[in-house]
Every structure is written in structure tokens, then in C-alpha cells.
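[1] just a sequence and a predicted model for now, questions to come.
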Amino acid sequence: MADDSTTFPPPAELAANANFTKDMYDRAQADPLAFWTEQANRLSWATAPTQTLDESNPPFYKWYADGTLNAAYNCLDRHVEAGNGDRVAFYWEGDPGDTRTITYAQLTEEVCKAANALTELGVKSGDRVALYLPMIPEAVVAMLACARLGAMHVVVFAGFSADALAARINDCDCQVVITADGQYRRGKPAPLKAAVDKALEHTPGVRSTIVVQRTGEDVAMAEGRDVWWHDVVGRQSGEHKYEVFPAEHPLYVMYTSGSTGKPKGILHTTGGYLVGTSFTHWASFDLKAETDVFWTAADIGWVTGHSYLVYAPLVNGATSVMYEGTPDSPHQGRWWELIDKYKVSILYCAPTAIRTFMKWGEQVPAKYDLSSLRVLGSVGEPINPEAYLWYRHNIGHDNCPVVDTWWQTETGMHMIAPLPGIENGKPGAAMRPIPGTSIKVVNDEGHELTDDSTGYLIIDKPWPAMLRTLWGDDQRYVDTYWSRFPGKYFAGDGAKVDADGDIWLLGRVDDVMNVSGHRLSTTEIESALVGHPWVAESAVVGAADETTGQAIVAFVILRGGAADGIDADEVIQTLRTHVAQEISPIARPRQLMVVPELPKTRSGKIMRRLLRDLAENRELGDVTTLTDATVVTLIQDNMRK
Ligand code: WT7
């Protein structure tokens, strides 16, 4: 097991040819604005910006404000004009095994057709278009067609309910919806358009829907409202003259959950977002566009899909894999088979996926040739050292750096990551701020902490891909992010800076527990639990306790077969003691429950709020964002036993 001092230096070959050098890092930190001025050259501007950052009205910052450009041109046409039209933009792999290889020239033509179709339907600059689509190429085409016209896309994850879709459509006042007849799930078609029909009963503002034919099943088409993608897009010309927009023209709205029930519409704009995402994609993954095959295994319904599946790879002219299906369909080796097939060199995925693969066993990836891999990325939650080491060893064969990227829907781009050519990897730590950014850990009073003690993560200088506001709610933007520590961006994450100056993320602040006056991180205890050979996955919550303020309640999934034949009570006591030994007796869970599943949102995040409700015997709050609501009943049954 690794401890805090375990580090892995960059592989020699990677270090020798790294995109980003130590010298560049030092220059960026010494003069961030000069650095971001220089990075603007990644884009093709119609009018080059003369001003990098406008700080005249904080926290409503502007980047590259007098520059003009078109986002889709930067993702598409300019690569074709540069002679790279035949380069593959996407190797798309469908869930049932159908495939498409799409070059930059083909993608450009498709986007032009879709832009012409949207124009025919009356979509113009500044409009909002909702996208409710599976992971099919048309999803990317639709996003870029909106961008080309200066219309905002509002992508809603296709696993969300009709109610959730309607709420987002209404909040953003979308006039057009793009969807599909159905979507594949583990080889079987499932309806999708039906949910749109239901949502649209409550969305008076929607005048048209465009329906992609994916599964071929029967759908109801409302006369005068619904049109088929293949009709309306299919008949268009592949030529489209794009318009240019100011750098601060809105690019998209993406909804994410806040601490209240009402989702927040995060607004991203054009120039700064494209500079920040394309720079980090190039630096964090050491991307070599001519030779790498890059795979973000995330859905376009999340910000990771926006920034690192669509915009950054395309701005950088990269070749990506896009996969529609699940990791275990039709078999548990599907991801590794795809890496082998497409010679993927950079894989970007979430720790929850890695822990699932650990559960399935290392014999599964061992059957495939993964030697094309050279960089492994992680995103979405802290990667516990156990998963880090498993990923590094069983997938990266000990010669790929693991790049743990900390960021948020709000930040748009990576904010903390170990740049693979210049920084060591340290299992469990996200390491250093991205060059040109300024990030600190502070205590309740806002004083900087650098002594390994737990505090709040703040960002104390604006960064190009930052959110600009919450859609329709400037006040909530100011209150949520800029008021806890006035003038600084409050991320909502707990963190610490260790003796080497490296940053560790410790989970959301609302997941930080206070037990008898001791501040403890749920993540730290979860990491200790999954470090035990019996444990596959765990979730820890702080439940109200009369004597200690909060008490630790742990939910644990055992690895198949690992604790067979051992008395249930002995399992529980052993694991509680294990935590006490690994962290401190203060961290010994008051209660530990062995459960068959954990309640997760569709993006794979454990719903701790729900577990807290369960641990405190409370009425359960909203469960509509759960992937599988029956999990809750399973846990309740288990608790009664
Ligand atoms: C929250 C943001 C970033 C895209 C996907 C999630 C947590 C994210 C890490 C990481 C520790 C992480 C934070 C953050 N988070 N990446 N590498 N290490 N925590 O985006 O849904 O906006 O969630 O995810 O708690 O605040 P999101």
C-alpha cells in the first residue's frame, strides 16, 4: 500500500518529449496574464483580442473581450483548411457494435448541414436549443451546429427523467429540442422520444423538435412540431458560412445540482472557454494530435463530455474514440477491447469506473493488448490510492502517468493536475494548480493553510474557462461562489496542502465531518476502507450524534467471495478496527453496514445526502436523480436485518 510519500516520476521518454516544460510552468506562474495572452494563439480569431482579462466588474470577469471568433470554425473548418480534412476526428463505436469513422472534413460537412437545418427552423444567435441524445455522432454535430450559429446548446443527460428535462427546458427557455427515437442500453433499444413528448406537455416555449433515428422503433411525430433529422438535415447543403461572435458570446448552459433542490444553469462563453480547455487538454495529457488516440469515457451530458470529448479535442485537431455503450456490454472486457482495437494512447475516466473494474478482477484487462496507452487520466472524485495503484499497474503497466484532474462544471477546464512530463504522480493527490491559475487552501477565516491541515479550496484569480454566471440568476452566482470568502471563488471542496506543497482533495465540504471537534473527511475514511482486501467500494457519511456532534456511518460493498465463511459481525468489527488503525481511533465508524449496492447518480456520484437520511432514519429526500431507485429499498431491507 502506498503512503503519502510514495511518488512516481514521469516515464523518461514522456519527460524528454513533454509538451509542457518546467520552464514554461515557472513563466506562467510568474506572469499569468502574459501566459494567457500567449495561449490565445491556440485559436484562430477573426479579430485577435488586444485585452486578455477585464476585471472592471468582479465577479463578472471577461476574457479576450474584444476578440471575435467562431467556435465551430475553430473545431472544424480550420483543420480542413490546414490540409487535415482526412484526419479522423472520431472513431465512434455504437452500443450494439455498429461503428463509424468520421474525419474532420466529414464532420465539418455534417455540422454545416445541421446548421442550415437549424436556420431553416428559425434558430438564430442567442437562442437556446435543448439536446436530449444518446452518445451518437449526431450529438456532437448538433452541439457544433448550435455553436456555429451562436445559439446555446443545453445538453440534458439522456438518463434524466421527463420532469428533469422539462424543468431545464423551461428554466432556459429553449425553443427547439433535438432528440432521438430511442437509445441502446446493453444491446437493447429503449425509448427516448417518449420522455420528450411527456416533457413537452409542460414546456409551452418549444416550437420544434428534431428526431434522430437511432433504434428505428415507432414514435409519435407531432404534426407541425416534430421533424426527422434525416429529412431536415439530410436535404441541406454541406456549405455554410459561419458568422463571427465576440469572445464573450455565450456558448452553452449546462445544469448541475447545487445544495438546494433547484439545479444551477452554468453559463460558459466562447473565447476563454476554448483557450482554457484546449490548453489543459494539451498540457495535462501531453497530447500529440498527430499520433495520439484520445478517449474520454464520459457522456456528453456532463461537462467532461463538453470540454474533453467535444471542444478541446476538436480545437486541438485530435483523434478521439466515442463509445455509446456500457463497460460490461456485451462483456466485462469491452473497454480494453476498444483500447486494443483503436490503439488508444490516452484514456480519461472516473475512479468509480476503475473501482468497478477492480471488482471484476485484473484477469479481465490482462487478456488485451493495452501497450498503446501512455497517459491515464482520472476525473470526478478523489481517486483513492488503492484505485490509483490498480489503474497504474493493471491498465498502465507501470509506465503511464496517472493524471488526476480536479475541476468542476463551473471551472470548465482542469484546475489542478500533475502535468505528466514535469510532475511526479502521488497516489491520492491532485498535486498542483494548472499553470496560469492560482489556487489555495484556507481556513474558516480565509487564512492560507499549508501545513497539511484540512481547509477549503478557493481559487483566488480568474481563469479563462470560468463560468460567467448562473443562467438568469446573477445574484445566486455571487452568493454561491463569491461570498463565503469575499472576492475569491469558493469551490465547495475540502482540501489540504502537504509538506511538499502538493494539493489533496478531500471531498465536498458538506461531506467533511466534525466528530467530537475533529475535522474528518469522508473520502479519507472511504479510502481506508477500500484499502482493505475485503472491500470493493464504500461510502461514508456524517450522521447527527447527540454526544459527538457527528458520527461516522460507513456503507460497504464487499468484493465477491472475499469474506466468504466469515461471520457477518466479525467482518464489521474487523473493518471498523481497520479504519481506526489506518487513520485514527477517532475515525472508527460508529456504525458499519454491509450493503449490496450504493445509491448513485447517473454520473456515478454516490448520493451521500440520501445515505445520511438513511443513517439518521429520516424521510428520504428527492431520489429522482438516482440511476436505480431500488438500491435504496435494498439498503433499507439490509439495515432492518
Ligand atoms: C466536483 C465537481 C469535473 C468534471 C466532472 C465532475 C469533485 C471532480 C475531482 C478530482 C477530487 C473531484 C469535486 C468537485 N471532483 N474531480 N480529480 N478529485 N474531487 O464535475 O459534477 O461539476 O463535480 O467533483 O468535489 O467539486 P461536477
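    Sure, I can see it. These figures come from a predicted structure and were not determined experimentally.

[2] roughly how far apart are the residue in the stretch 151-300 of the chain positioned nearest to the ligand and Leu144?
    Taking C-beta to the nearest ligand atom, the ligand has its nearest neighbour within the stretch 151-300 of the chain at Thr256, 5.1 Å off. Every C-beta, even on glycine, is put in place using the N, C-alpha and C of the backbone. For Thr256, the distance to Leu144 equals 22 Å [C-beta to C-beta, to the nearest Å].

[3] more neighbours: the two, which one.
    Set Thr256 next to Leu144 and count neighbours by other C-beta atoms under 10 Å: Leu144 wins out with 26 against 16.

[4] tell me the bridge partners for the residue of the stretch 151-300 of the chain closest to the ligand.
    On the basis of DSSP bridges, Thr256 is bridged to Lys264.

[5] again with Thr47
    Going by DSSP bridges, Thr47 forms beta bridges with Thr68.

[6] per-residue pLDDT, it?
    With respect to pLDDT, Thr47 has a value of 98.

[7] now do the same contact list for it.
    Asp66, Gly67, Thr68, Leu69, Val244 (C-beta atoms under 8 Å, 6 or more residues apart in numbering).

[8] check the gap between whatever residue of the stretch 301-450 of the chain ends up closest to the ligand and Lys264 for me.
    Nearest residue of the stretch 301-450 of the chain to the ligand: Thr409, at 3.4 Å (C-beta to the nearest ligand atom). As for Thr409, its distance to Lys264 is 8 Å (criterion: C-beta to C-beta).

[9] do the same with Tyr477
    For Tyr477, the distance to Lys264 - C-beta to C-beta - is 9 Å.

[10] still on that earlier bit, name the nearest of the contacts of Thr47 relative to the ligand.
    Leu69 (24.8 Å).

[11] circling back to that earlier point, the residue of the stretch 151-300 of the chain closest to the ligand and Trp228: what is the separation?
    31 Å.

[12] in stretch 495-515, what counts as buried?
    Neighbour-count burial for stretch 495-515, counted by 16 or more other C-beta atoms under 10 Å, picks out 495-498, 502-509, 511-513, 515.

[13] what's the helix or strand for the most centrally placed residue in the chain?
    Among the residues of the chain, the one closest to the centroid is Thr304, at 3.3 Å (C-alpha atoms, centre = their mean). According to DSSP states H and E, Thr304 maps onto helix 303-305.

[14] what residues does the stretch 401-550 of the chain have near the ligand?
    With the criterion set to C-beta under 6 Å from any ligand atom, the stretch 401-550 of the chain comes near the ligand through Asp404, Thr405, Trp406, Trp407, Gln408, Thr409, Ala430, Ala491, Gly492, Asp493, Leu505, Arg508.

[15] apologies, that question was intended for the chain.
    Counting by C-beta under 6 Å from any ligand atom, the residues of the chain near the ligand are 256, 302-304, 379-382, 404-409, 430, 491-493, 505, 508.

[16] now, those residues that are in helices?
    Counting by DSSP state H, the residues of the chain next to the ligand place Val303, Thr304 in helices.

[17] contacting residues around the helix or strand hosting Gln39?
    Counting by DSSP H and E, the element that carries Gln39 is helix 32-39. Under the criterion C-beta under 8 Å, 6+ apart, residues 27-28, 52-53, 63, 275, 279, 435-438, 461, 464 lie in contact with helix 32-39.

[18] which two of those have the greatest separation?
    Spanning the widest gap among the contacts of helix 32-39 are Arg27 and Trp63, at 19.5 Å by C-beta to C-beta.

[19] which one of these two is surrounded by more residues?
    Higher neighbour count among Arg27 and Trp63: Trp63, with 27 against 16, using other C-beta under 10 Å.

[20] identify the bridge partners of that one.
    Leu53.

[21] surely it meets Thr52?
    Yes - using C-beta atoms under 8 Å, Trp63 is in contact with Thr52, at 6.8 Å.

[22] of all the residues in the helix of greatest length in the chain, which ones are buried?
    In the chain, taking DSSP H as the definition, the longest helix is helix 104-120. Along helix 104-120, these residues count as buried under the neighbour rule (16+ other C-beta under 10 Å): 104-119.

[23] my guess is the residue of the stretch 151-300 of the chain closest to the ligand meets Pro263, correct?
    Yes - counting by C-beta under 8 Å, Pro263 is a contact partner of Thr256 at 6.5 Å.

[24] which residues are in contact with the residue nearest to the centre of the chain?
    Each residue near Thr304 by C-beta under 8 Å, 6+ apart is listed here: Thr296, Ala298, Tyr348, Val379, Gly380.

[25] output the below-cut-off pLDDT ranges for the stretch 251-400 of the chain.
    257-262 (pLDDT under 70).

[26] cool, the stretch 451-600 of the chain as well?
    510-512, 517-519.

[27] do a quick rundown of the helices in it.
    Using DSSP state H, counting those that start in this stretch, the helices found in the stretch 451-600 of the chain span residues 474-482, 522-530, 568-582.

[28] dump the last one to PDB, restricted to CA.
    C-alpha atoms of helix 568-582 as PDB (Å, rounded to 0.1, in the frame of the first residue of the first chain):
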ATOM      1  CA  ALA A 568     -21.000 -11.100   9.500                       C
ATOM      2  CA  ASP A 569     -20.300  -9.400  12.800                       C
ATOM      3  CA  GLU A 570     -16.700 -10.300  12.600                       C
ATOM      4  CA  VAL A 571     -16.500  -8.700   9.200                       C
ATOM      5  CA  ILE A 572     -18.000  -5.500  10.600                       C
ATOM      6  CA  GLN A 573     -15.700  -5.300  13.600                       C
ATOM      7  CA  THR A 574     -12.600  -6.100  11.600                       C
ATOM      8  CA  LEU A 575     -13.300  -3.300   9.200                       C
ATOM      9  CA  ARG A 576     -14.100  -0.800  11.900                       C
ATOM     10  CA  THR A 577     -10.800  -1.600  13.600                       C
ATOM     11  CA  HIS A 578      -9.000  -1.400  10.300                       C
ATOM     12  CA  VAL A 579     -10.200   2.300   9.900                       C
ATOM     13  CA  ALA A 580      -9.100   3.000  13.400                       C
ATOM     14  CA  GLN A 581      -5.700   1.600  12.700                       C
ATOM     15  CA  GLU A 582      -5.300   3.300   9.300                       C
END
